[in-house]
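# Have a look at this prediction, sequence included:
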Amino acid sequence: MAKDGGPSKLSPSGFKSICALLVIVATCVPANAQPDSTICCLKAARENWNSSSTVLPWDSCAFGASYISGSIAPGQVPQVTATMSFCKQACPGYRLSNLSEWLLLLTTWVIPAIALLIICSTGECERADERQFVTPQEVPTSWRFRYWVVDPLNDMMNTIFKRIPYNIVEFTGILGDPASAIRGAFSEIALDVRVVSKLSQGMEFDKMMKALAMVAGQTKFDENTEIMLTTVILSKALLVSTAHLKPTPNVLNLREQLEKLNDQPRRLFVNEKFRDKVIEQLRPAMISPTPLSTDDLKLWLDAFYNCLEDDMKSAPIVVQKEDVEAANSADEHYVPRQLMNAIHDILHPSKGSEISPMKPNDTQHEDKQGNKIQSIATEKEVTNATGVPRVITIFEKSEWAKSLRMGIKVGLKGRVDFMKALVVPVALGLVATAGSFYTAYTTLGDNDTAHSLAYGTWYSWIIVLAVASNCYIATANPGLVKLALQHDVYLSDVTVPLRERAHNTRRWTVWLKYIGCETEDDGPPPSAPVERLKRVGSRVLSFPFKQTPTHSPPPQGIRGKTNFLLHLILKQFAGWLCIALPCACAASISYTTPTVGLGCRSFNHLLYGVLTLAISAVAVTRAYLSYYPQGYKTLVLFRALYIFGLGINNIVLIFGTLFHLIGLYRSCFCAVLGVSGDFLLQISAITALDVANAKKFWLPVGYMDFGFVWLVCCIAVGCRGYIHFYIKLFFEEEAEEE
């Protein structure tokens, strides 16, 4: 310390001492204490070598790609073994990977797998509340369970989900539950194949609704979306059905309220009893070549009115006219009330205000919203592209049909470019695969090459997922689809993740059947052989979708519930097979490299497959419980198990790869797990046994796995070609008819 109390100054001698210390520290290099496999092999060979042997220890242990002084050919290197206890004593710890060892796996398999994972179709969620776990207050749970279990779990998950980007959450879900993701992708493909095969059948209304289900199939379809979509469809249908009426004040008021309901869809038609009566008249009205008669229209409006009245029994119908703006902003039931008043005026008109159709020579009018109202054209038949006359419906002549058709075309134009987005990355992955197999073939028996091939086989299921998730119709930007169809239908802002696509496509299919646009047979009865073929094809293609609609009670009884559960299990098992085969093939390669036994790598591959099966079981259970009323504790328990399983499976995949890249698996302990100290380990490399295993297991197993993967990919691409051929043919026929 200086005399004046200030900081002391560093003397020249002290500065020299510090500089000398820094130089000494800089010249120090950390000791390389990790085991050397060659030295370990030499120690083991020296223990077992005798003077009569014609092979020197260094000829057995130093053999490798850089060893050229010996005269032993690959496959003729004698096997050097050592006990587990000797290996742990002479070669403790692990050997870190050098540049060539970790770069081989990283550039050949890991980076291409990440690129394919990125191009997989994922969900989208722009609203933060859609990503939150919320416990309804009316759930009958004890306050202790809510305080100690439910609320902390929800707070923890909500905090995590808010801070993690949504795409990372989606990729975590794919890696944690790949079986459900693959099942969801093929469910989308199966839906498109089934729908597109019947797209040319039925009336124009059926075709547009089926095309809508294909284009918007990835958007979330829950109970709220179903009610809102049904509300908009019904309001649009009533606008079409009332377009031929004379523009009296009552008719104009009704159309104005229907337009408001279409622009501001509400949760109407919640009561299924009245909603079914309204839906029953939807399709007949849209496929009719002539407008509904006034009596039929009144019956439809009466059912519409009863449905609205049941939804708002507790709310008054009359609204004070002097404060319309305040009522509209403060009361969410304002539009339905006004619509009920408009329907009431139609059903109970005053004298001289009865509804009646316009005459063919009536002039065109406009309602208060500026929409043109004109009489329906008298033509009832047109000639299609094949020259066969067909009936033209009032839906086909409406502006709604034209706008809906244009929006669907925009959605189809916005699909992901198959060549740029998928073919190029997959082709590059195929080149990397071919190069890896060529390297494995030219270096038979090399342990690092074998383990690299095992990891590449382990990642091969990502190729299936990347191809399948880009082969269905609904690969367009969901925001673009919603923007193109915002004035015609209601679609959710949320895109469901791949692991939930199977249940989402089922809901879309059930909705098509509910509104009557998809039946068992839309065409004429075929001949007997064609009928048999159709029956078999229908069973195969509709297998993932033959489930009880949400509007009817799910299967009851032991037999019904058992069949339903087996149905869910079989669908999930089909997706899990695409994961099980790569895991089994990768484990078999690592199992025989170099010592035959269950090591860390083979155990890691098997563990991922087993955990995926366990997560699939939880996913099936959650899907089954969603159809039957269950206690909230049960739902929370299985949700927690599912999220926990996703995390564990991600750890197995990610850290299993990192440990191999770093070199933590290069140790005596990881060579074979769960053996005694007397167990013999192979220490030397590229022995006759290694070459034999390479010819017997490594290459054939890799060929089998990638053959299966590319076969599944070819099926998916073939389905894509089939789907797009019929879609293109359908819209070309539509254009020719126009």
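Nice, thanks for sending it over.

# low-scoring pLDDT stretches of the stretch 251-400 of the chain, where are they?
Under the criterion pLDDT under 70, the flagged ranges of the stretch 251-400 of the chain are 265-274, 309-335, 351-391.

# Surely Val675 is in a strand?
No. Looking at Val675 with DSSP: H, G, I helix; E, B strand; the rest coil, it is coil, so not inside a strand.

# which ones are touching Thr108?
Thr108 is in contact with Ala432, Gly435, Ser436, Ser452, Gly456, counting by Cβ atoms under 8 Å, 6 or more residues apart in numbering. For every residue, glycine as well, the C-beta is placed using N, CA and C.

# same check, this time on Leu404
Met208, Leu212, Leu485, Asp488, Val489.

# By neighbour count, which of the contacts of Thr108 wins?
With neighbours taken as other Cβ atoms under 10 Å, the top of the contacts of Thr108 is Gly456, carrying 27 neighbours.

# Now that residue: closest residue in space that isn't a chain neighbour?
Trp109 (4.1 Å; Cβ to Cβ, 6 or more residues apart in numbering).

# From Thr439, how far out is that neighbour?
For Trp109, the distance to Thr439 (Cβ to Cβ, to the nearest Å) stands at 12 Å.

# In terms of neighbours, single out the busier of the two.
Neighbours were counted for Trp109 and for Thr439 using other Cβ under 10 Å; Trp109 has more, 25 against 15.

# top of the contacts of Leu404 by neighbour count?
Taking other Cβ under 10 Å as the neighbour criterion, Leu212 ranks highest of those with 25 neighbours.

# mind checking pLDDT for that residue?
On the pLDDT scale, Leu212 is placed at 86.

# Is it in contact with Ile408, as I believe?
Yes. Here Leu212 reaches Ile408: they are 6.5 Å apart, a contact under Cβ atoms under 8 Å.

# quick one: common contacting residues for these two?
What both Leu212 and Ile408 touch, as defined by Cβ under 8 Å, 6+ apart, is the set Leu485.

# still on that earlier bit, looking at the contacts of Leu404, which two lie furthest apart in space?
Farthest-apart pair in those is Met208 and Leu485; separation 10.7 Å (Cβ to Cβ).

# Give me the common contacts of the two.
By Cβ under 8 Å, 6+ apart, Met208 and Leu485 have these common neighbours: Leu404, Ile408.

# coming back round to it: let me see the contact set for the residue nearest to Gly456.
Counting by Cβ under 8 Å, 6+ apart, Trp109 makes contact with Ala432, Ser436, Ser452, Tyr455, Gly456, Tyr459.

# cutoff 10 Å now
By Cβ atoms under 10 Å, 6 or more residues apart in numbering, Trp109 lies in contact with 429, 432-433, 436, 452-460, 462, 657.

# Give me the neighbour count for Thr81.
Counted with other Cβ under 10 Å, Thr81 comes out at 17.

# Pull the contacting residues for the spatially closest residue to it that is not a sequence neighbour.
Counting by Cβ to Cβ, 6+ apart, Thr81 lies nearest to Leu680, which is 4.5 Å off, once chain neighbours are set aside. Counting by Cβ under 10 Å, 6+ apart, Leu680 touches Gln79, Thr81, Ala82, Thr83, Met84, Phe86, Cys87, Thr595, Val672.

# do the same with Gly217
Residues counted as contacts of Gly217 (Cβ under 10 Å, 6+ apart) are 187-188, 191-192, 195, 472-475, 481, 496, 501, 504-505, 507-509.

# and with 8 Å instead?
By Cβ under 8 Å, 6+ apart, the residues touching Gly217 are Glu188, Leu191, Asp192, Tyr472, Ile473, Ala474, Arg501, Asn504, Thr505, Trp508.

# mind checking which helix or strand it is in?
If you go by DSSP states H and E, Gly217 is not part of any helix or strand.

# Just the element for Arg506, please.
Here Arg506 is assigned to helix 501-514, by DSSP H and E.

# Just list what that helix packs against, helices and strands only.
Helix 501-514 is packed against helix 178-197, helix 204-215, helix 223-241, with contacts defined by 3 or more Cβ pairs under 8 Å, 6 or more residues apart in numbering; DSSP states H and E.

# tell me which residues of it are tucked away?
Using 16 or more other Cβ atoms under 10 Å as the test for burial, helix 501-514 gives 501-512, 514.

# Same check on stretch 633-641?
For stretch 633-641, a neighbour-count test (16+ other Cβ under 10 Å) marks Val636, Phe638, Leu641 as buried.

# and the least confident of these?
When the buried residues of stretch 633-641 are compared by pLDDT, Val636 scores lowest at 74.

# quick one: Leu175 and Ile648 touch, right?
No. Applying Cβ under 8 Å, one finds Leu175 not in contact with Ile648, separated by 11.3 Å.

# ok, these two, which is more surrounded?
Ranked by neighbour count (other Cβ under 10 Å), Leu175 and Ile648 place Leu175 first, with 19 against 16.

# In terms of secondary structure, what does the host helix or strand of the more buried one contact?
For Leu175, the host element (DSSP H and E) is helix 166-176. For helix 166-176, the packing partners by 3+ Cβ pairs under 8 Å, 6+ apart come out as helix 111-118, helix 632-662.

# Which elements pack onto the longest one?
This means helix 632-662. helix 99-105, helix 151-163, helix 166-176, helix 447-458, helix 600-625.

# Out of those helices, which one sits most buried?
Mean neighbour count (mean count of other Cβ atoms under 10 Å) peaks for helix 447-458 among those, with a mean of 25.

# Using neighbour counts, pick out the buried residues of the helix or strand following that one.
Counting by DSSP H and E, the next helix or strand C-terminal to helix 447-458 is helix 461-468. Using 16+ other Cβ under 10 Å as the test for burial, helix 461-468 gives Trp461, Ile462, Ile463, Val464, Leu465, Ala466, Val467, Ala468.

# what's the spacing between Pro249 and Ile346?
Going from Pro249 to Ile346 by Cβ to Cβ gives 11 Å.

# The two - which one has more neighbours?
Ile346 (23 against 10).

# Where does that one sit: helix, strand or coil?
helix.

# Verify the stated contact: it with Leu252.
No. Contact criterion Cβ under 8 Å: Ile346 and Leu252 do not qualify, at 11.1 Å.

# how about the strands of this protein, start to end?
Under the criterion DSSP state E, strands of the chain are mapped to 81-83, 365-366, 372-373, 381-383, 389-391, 680-682.

# so what's the residue lying closest to Cys713 once chain neighbours are set aside up against?
Leaving aside its sequence neighbours, Cys713 sits nearest to Val467 (Cβ to Cβ, 6+ apart; 4.3 Å). By Cβ under 8 Å, 6+ apart, the residues touching Val467 are Leu422, Val426, Val712, Cys713, Ala716, Val717.

# ok, now Leu308?
By Cβ under 8 Å, 6+ apart, the residues touching Leu308 are Leu268, Pro336, Leu339, Met340, Ile343.

# circling back to that earlier point, and of the contacts of Leu404, the nearest to Val691?
Nearest member of those to Val691, counting by Cβ to Cβ, is Leu212, at 59.3 Å.
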